[in-house]
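> Sharing a sequence plus its predicted fold:
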Amino acid sequence: MKPIEKRQEALQQYVSDMLAVDKHIHEAIRRQRDDDDLKQHTQAHQVIARLEEVLDQQINDLERHLERLGGSTGSPVKDAVSSALGAVAGMYDKMRPNTASRMLRDDYTALGLAAISYTMLHTTGLALQDHPTADLALRHLRMLTPIITEISRTIPMVVAVELVEADEIDVDTTVGPQAVRQTQEAWSSEVINQSPIAIA
């Protein structure tokens, strides 16, 4: 196989793998959108609806890009990607009973996989000097990062409400905003730019 053919095949495989990741997450998000428990949490439901729209666009973009590369949307995914998708599938399947906070938690985890996969695809595009692939991956990553952040801001409020609804223990109903503020501070530039903590 000629070097240019190997390069093209590699690009097709990486884009196909990314498409599989997005489609898998999209299936779960579509089910969540109509969940009655999620609909009771307006902000959470809005985040999920927005995520579904983003994934719709990304899947469409990836399918068109894969066709331009000469690949097929039905191509098998790599074993490593299959294993990761299997873990995500197992996580979603265990959402019993369904609660909005658990849905958001699992979406956050799945989007972490998508984000790092887009990071890898962007790097691959740069390394193989295929700028359309690199640009597409970076654009899609930038579409996901605000949603990931919004989920992390939404979960504390949802958890606080769910604890009240459980009606089993005394709950401080005012902690939602405090939890949002304190957990978001953990992601501030002052924190993430610190030197790694030494482990004894």
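Nice, thanks for sending it over.

> Ignoring the adjacent residues along the chain, who's closest to residue 145?
residue 115 (6.8 Å; CB to CB, 6 or more residues apart in numbering). C-beta here means a position set from N, CA and C on the backbone, and glycine is covered the same way.

> Pull out the buried positions in the helix or strand harbouring residue 31.
Under the criterion of DSSP states H and E, residue 31 resides in helix 3-33. Across helix 3-33, burial judged by 16 or more other CB atoms under 10 Å covers 8, 11-26, 28-29, 32.

> After that helix, which helix or strand is next? Please name it.
Assigned by DSSP H and E, the successor of helix 3-33 is helix 36-39.

> now that next one: how far from the chain's centre is it?
With CA atoms, centre = their mean, to the nearest Å as the basis, helix 36-39 stands 20 Å off its chain's centre.

> Contacts only, for residue 111.
By CB atoms under 8 Å, 6 or more residues apart in numbering, the contact set of residue 111 is 25, 51, 144, 147-148, 151.

> Now stretch 173-180: buried residues?
Applying 16+ other CB under 10 Å to stretch 173-180 flags 176, 180 as buried.

> And that stretch, how far out from the chain middle?
Counting by CA atoms, centre = their mean, stretch 173-180 comes out at 25 Å from the chain centroid.

> Please list the residues outside it that contact it.
By CB under 8 Å, 6+ apart, the list of residues contacting stretch 173-180 from outside reads 153, 156-157, 159-161, 164.

> From these, which land in helices?
153, 156-157, 159-161, 164 (DSSP state H).

> And the furthest pair within those residues?
Using CB to CB, the pair of these lying farthest apart is 153 and 164, separated by 19.1 Å.

> before we move on, back to that, which strands and helices sit next to the helix holding residue 31?
Contact here means 3 or more CB pairs under 8 Å, 6 or more residues apart in numbering; DSSP states H and E; on that basis helix 3-33 packs against helix 42-68, helix 79-93, helix 100-127, helix 131-166.

> Compute the inter-axis angle for the helix or strand that the last one is followed by and helix 131-166.
The C-terminal neighbour of helix 131-166 among helices and strands, as given by DSSP H and E, is helix 175-185. Here the directions of helix 175-185 and helix 131-166 differ by 150 degrees (axes from the mean of the first three to the mean of the last three CA atoms, to 10 degrees).
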